[in-house]
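**Student:** Mind looking at a prediction? Sequence and model below.
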Amino acid sequence: MARYLVSRSDVHQFIERCMKAVGAQSSHGSALAKVLVEGDYRGHYSHGLNRLDIYLKDLETGICAKDGEPLIEKSTVATALVNGNNLIGPVVGNFCMDLAIQKAKDVGVGWVSAYGSNHYGIAGFYSMQALKHSLIGITCTNTSPLVVPTRGKKCTLGTNPISVAAPALNGDSFVLDMATSAVALGKIEVHQRHGKKIPVGWGCDSKGNGTTDPVEVLKGGGLLPLGGNEAAGGYKGYGLSLMVEVFGGILSGSLYSENIRPWKETNRVANLGQCFIAINPNCFASGFEERMSDLLKIHRSLEQSEPGLPVLVPGDPEVLHITECEHHGGIPYHVNVINFMNSVAKDLGVNLIPTNRTIDP
């Protein structure tokens, strides 16, 4: 099936139009558009335009604040506690990461914890902001319970993503952006929309048994921790997810684990907990970027186990997708995603996404 090609600016403007239609503050609509477009541009379709309807629903129902700004409640030279004031996640995330970066510039490290936040898109969007200042960036967030812990049957943890970005020479970088579940929920949803089965190890049914049916995962089942079942090391992903709860939920005083509202429910505020860290490598051994470049080179130059599949480092798949987008002159979207979002646009009474360009899959 052919894919629609849409320019970054057209997607950005579409998101802003939708946000304005539900009464969001203009700057907040722009902040969300930047995060979602970047997600798609980097190939993380599960956290891009595909996720817009969730933000719109939160704002339409009034369960998420449409205007205002985050508030610093506690602060030291290196740390801060921020009240997100129930604003959309990108607004809180940008505020907190900017604060962490400034503290890292001043004293070498900045650690900011936030409560009262909401879904903030791809975690890498925030860690990568540190790269512009030659800093290391780290972020993590808890989320609605979607993951079944090892040996359990009930969802008590979120996908709880972690991202670490570190600068290398000449604009190169290490960018880890991963869920602590085997996959993000959006990937299950994308498979469902495309009518495809999911790989073994991604999710389980309502009894905790592994399944390849995305419907069973979405209707009463849950995601598996990173690694899959216990024999495959899923308990390690389970442990990492709990670690995110420590840094995101417990440290900030937000909700955590099963106390967070179920995914897509809007009967109460999310009150997510998030963590943003910036580190100045110049406060440690000199030559950080040179050694980072060498580390990346060591792995990229490894002999391939399978011809045509080079060894990649975190961030490389995203660079390859960006290159594809640049080659085509736009972001390629599955037609179902564009059709779905245009149906949302019709309900809101806003102009649709232009769909006059297509490419073969």
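**Tutor:** That came in fine, so what should we check first? Numbering: from 1, shown residues only.

**Student:** contacts and neighbour counts: CA atoms only from here.
**Tutor:** Will do.

**Student:** so which strand or helix has the residue nearest to the spatial centre of the chain?
**Tutor:** Centrality entry for the chain: nearest residue to the mean C-alpha point is Ile122, 2.1 Å, by C-alpha atoms, centre = their mean. Under the criterion DSSP states H and E, no helix or strand holds Ile122.

**Student:** Same question for Leu240.
**Tutor:** Applying DSSP H and E, one finds Leu240 within helix 234-244.

**Student:** what's next to whichever helix or strand comes after that helix, contact-wise?
**Tutor:** Using DSSP H and E, the next helix or strand after helix 234-244 towards the C-terminus is helix 251-252. The contact list for helix 251-252 (C-alpha atoms under 8 Å, 6 or more residues apart in numbering) reads Leu81, Ser113, Ala114, Tyr115, Gly273, Gln274.

**Student:** now do stretch 183-193
**Tutor:** Here stretch 183-193 makes contact (C-alpha under 8 Å, 6+ apart) with 45-47, 50-51, 146, 159, 197-198, 202, 214-215, 217-218, 223, 226, 336.

**Student:** Now with 7 Å, please.
**Tutor:** The contact list for stretch 183-193, computed with C-alpha atoms under 7 Å, 6 or more residues apart in numbering, reads Ser46, His47, Thr159, Lys197, Ile198, Trp202, Pro214, Val215.

**Student:** Next: stretch 297-305.
**Tutor:** Pro310, Val311, Leu312, Val313.

**Student:** secondary structure class for the second one?
**Tutor:** Applying DSSP: H, G, I helix; E, B strand; the rest coil to Val311 yields a three-state assignment of coil.

**Student:** Spit out the contact partners of it.
**Tutor:** Contacts for Val311 (C-alpha under 7 Å, 6+ apart) come out as His299, Arg300, Leu302, Gln304.

**Student:** Got phi/psi on the residue nearest to the centre of the chain?
**Tutor:** phi -70, psi 130 (degrees, to the nearest 10).

**Student:** Find me the pLDDT at it, would you?
**Tutor:** At Ile122, the predicted lDDT confidence score is 97.

**Student:** what does the average pLDDT come to for the longest helix along the chain?
**Tutor:** Secondary structure of the chain per DSSP state H: the longest helix is helix 89-107. Averaged over helix 89-107, pLDDT sits at 98.

**Student:** which secondary structure elements does it contact?
**Tutor:** helix 26-41, strand 109-117, helix 124-127, strand 272-279 (3 or more C-alpha pairs under 7 Å, 6 or more residues apart in numbering; DSSP states H and E).
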